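Trainee: Please find the sequence and the predicted model below.
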Amino acid sequence: MTHNTDDRRLAVIVLAAGQGTRMKSSLPKVLHRIGGRTLVGHVLDHAQSLQPEKVVVVVRHERDLVETAVRDAAPEAVVVDQDEVPGTGRAVEVALEALPGFAGDVLVLSADVPLLEVDTIEQLLDAHRAAAAAATLLSAHLDDATGYGRVIRDADGEVARIVEQKDATPDEASVTEINAGVYVFQTTELRSRLTQVGTANAQGEKYLTDVIGLLRESSLTVAAAAAPSAETALGVNDRVQLSEAARVLNARTVRRWQLEGATILDPATTWIDVTATLAPDVTVLPNTHILRATTVGEGATIGPDTSLVDCEVGEGAVVTRADATLAVIGAGANVGPFAYLRPGTYLGDKGKIGTFVETKNSTIGERSKVPHLSYIGDTTIGRGVNLGAGAITANYDDLTKHRTEIGDEVHTGSHNVFVAPVRIGDGAKTGAGAVVRKDVPAGALALSVAPQRNVEGWVEKNRPGTGAADAAAKARSAQKADDGAQEEDR
Ligand code: UD1
Ligand code: CA
């Protein structure tokens, strides 16, 4: 739906200039993330989905960092700088300079109120227009209103003004209806009232909220729309509220995928970024993180205790107790338990990366298996390969990385080291314990271990009196008695 019919033009201002002191962070508050997206990114998403004719974002604290994030999320937004006059009112005033001559409705969003839903904003706009109000604010009733501006109503129950926590009398502070920091204004009225707002308050700031009282003093209509739930209005000012917002957003995301056909056993310990996607009949087991641009194919099972970052998981794959970043896991493949897939891992369909295996920058072909205790780096493995337990690709010679190439249908013995650069031809085999330093031709058996030599009696001679020597002596006399008995039987 667009809100730019001729008589009802819409612009959006996003306030993102504040320092976010209560976060105690070197990162600007609005760049902290929930659900894998920055707070300001969430708010810009809301702004854009309304298709306004202009989005203006006000920045100041760490302005370059914030501007970069804004450009990422909303390339068409206009970024303006707040000056040294502090306060949300000043922020809106500088934003309005980027909307010269604009006389429609302006929606003001706070970059630290990330849980609004677009429906709620639509309802706010509808209420504003239905009431022909000069301003309409989103309000909510909170059990604990600490920190928020309170909505003060007059004897008729109309919104009279907003008072900030720090300026509130004890009576005012006992009000539980709060200002969510989200408003629609008739732009011309907003412009003229802002010039009347001063900074004579507890924080020495030019408050946007003072505009509400000024509009009422001019006998203009101020409406309030109730947020559908307290959590919708949650403002993020400190890390406690950040984790609360993350939890609420995650609960929504989990629920959305459940309704799309994913089985998610334990929503409380499953974290899914807003950018990830799950196909129908995916099963997610507890303690699992599905992050960034990860996609999980139909019927796959992920978890428990698994973290996937920017991964692609094929249909029907099973990923158990694994940590993977920038990896592709083929259809019907099997990963874990206890596997570490680093960037550039490609596991083919029906392949396996098993227990205590680390992979990096490697392709493991269709039906190929690296089942146990291995490190595979900078390697290309063909189809139908089985690497014995303890396979190590020695890809680094202290100076540079080299590649290992393993052909199709290769089976290697346990505990092999492949000293790269090296190539194992199709169908080749290697013996246990081989250190493969030279290429192995197709179909060859590579053995690099010297034939075993047993030095009889070494322990009794060189370690007399030890437990080992005693055990060896016992075993040898038992063997002798055995041999004697067999001699008699003959
Ligand atoms: C503000 C409201 C309060 C409301 C609450 C809702 C005011 C005076 N108070 O309080 O009534 O209950 O939000 O969450 O508006 N910002 C700027 N420039 C500034 C100061 C802030 O752009 O000079 C931005 C911040 O980056 C933030 C937003 O405005 O995104 C709100 O600022 P903040 O300082 O968090 O206001 P609150 O104290 O939460
Ligand atoms: Ca705030």
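Mentor: Received, thanks. Ligands and ions are numbered 1, 2, ... in the order given.
Trainee: Skipping adjacent residues, who's closest to the residue in the chain positioned nearest to ligand 1 in space?
Mentor: Per C-beta to the nearest ligand atom, residue 149 is where the chain lies closest to ligand 1, at 2.1 Å. (Each C-beta comes from the backbone N, C-alpha and C, glycine too.) Excluding the flanking residues, the one nearest residue 149 by C-beta to C-beta, 6 or more residues apart in numbering is residue 179, at 4.1 Å.
Trainee: With residue 371 instead?
Mentor: Of all residues not flanking residue 371 in the chain, residue 354 sits nearest, at 3.8 Å (C-beta to C-beta, 6+ apart).
Trainee: Are we agreed that the one you found is in a strand?
Mentor: Yes. Residue 354: assigned to a strand according to DSSP: H, G, I helix; E, B strand; the rest coil.
Trainee: Check whether the helix or strand where the residue nearest to residue 149 lies comes near ligand 2.
Mentor: Using DSSP states H and E, the element containing residue 179 is strand 177-186. No. Counting by C-beta under 5 Å from the ion, ligand 2 has no neighbours in strand 177-186; the shortest distance is 6.2 Å.
Trainee: Could you identify the helix or strand that succeeds that strand?
Mentor: Moving toward the C-terminus from strand 177-186, the next helix or strand (DSSP H and E) is helix 187-194.
Trainee: Could you pull out the buried residues of that next one?
Mentor: Residues of helix 187-194 classed as buried by neighbour count (16 or more other C-beta atoms under 10 Å): 187, 189-191, 193-194.
Trainee: thinking again about what came up before, for the residue of the chain closest to ligand 1, grab the count of nearby residues.
Mentor: Neighbours of residue 149 under the rule other C-beta atoms under 10 Å: 27.
Trainee: tell me the contacts of it?
Mentor: 162-165, 178-179, 181, 209 (C-beta atoms under 8 Å, 6 or more residues apart in numbering).
Trainee: From those residues, pick the one nearest residue 34.
Mentor: Comparing the contacts of residue 149 against residue 34 with C-beta to C-beta places residue 181 closest, at 16.7 Å.
Trainee: so the closest one touches residue 110, yeah?
Mentor: Yes. Between residue 181 and residue 110 there is a contact at 3.9 Å, judged by C-beta atoms under 8 Å.
Trainee: Mutual contacts of the two, please.
Mentor: Contacts common to residue 181 and residue 110, judged by C-beta under 8 Å, 6+ apart, are 15, 88, 235.
Trainee: returning to what we had before: the strand holding residue 179 vs helix 187-194, what angle?
Mentor: Here strand 177-186 points in a direction 120 degrees away from that of helix 187-194 (axes from the mean of the first three to the mean of the last three C-alpha atoms, to 10 degrees).
Trainee: Just the mean pLDDT for strand 177-186, thanks.
Mentor: In this model, strand 177-186 has a mean pLDDT of 98.
Trainee: sorry, back to before: if we look at ligand 2, which of the shared contacts of residue 181 and residue 110 are close to it?
Mentor: The overlap between the shared contacts of residue 181 and residue 110 and the neighbours of ligand 2 (C-beta under 5 Å from the ion) comes to residue 235.
Trainee: Also within reach of ligand 1: list those from the shared contacts of residue 181 and residue 110.
Mentor: 15, 88, 235 (C-beta under 6 Å from any ligand atom).
Trainee: Give me every residue in the chain lying close to ligand 1.
Mentor: Residues of the chain lying close to ligand 1 by C-beta under 6 Å from any ligand atom are 15-18, 30, 58, 82, 86-88, 90-91, 110-113, 148-149, 162, 164, 178-181, 207-209, 235, 237.
Trainee: Mind giving me the packing neighbours of whichever strand or helix holds residue 469?
Mentor: Using DSSP H and E, residue 469 sits within helix 467-489. If you count contacts as 3 or more C-beta pairs under 8 Å, 6 or more residues apart in numbering; DSSP states H and E, helix 467-489 packs onto helix 458-462.
Trainee: For the protein, what lies in contact range of ligand 2?
Mentor: Counting by C-beta under 5 Å from the ion, the residues of the chain that sit close to ligand 2 are 112, 235, 237.
Trainee: what about the spatially closest residue to the last one that is not a sequence neighbour, neighbour count?
Mentor: It stands for residue 237. Nearest residue to residue 237 in three dimensions, chain neighbours excluded: residue 22, at 4.7 Å (C-beta to C-beta, 6+ apart). A count of nearby residues for residue 22, using other C-beta under 10 Å, gives 14.
Trainee: and what of residue 445?
Mentor: Residues near residue 445, counting by other C-beta under 10 Å: 11.
Trainee: tell me the contacts of it?
Mentor: Counting by C-beta under 8 Å, 6+ apart, residue 445 has contacts 428-431.
Trainee: Most proximal residue of this structure with respect to ligand 2?
Mentor: Closest approach between the chain and ligand 2, counting by C-beta to the ion: residue 235, at 4.0 Å.
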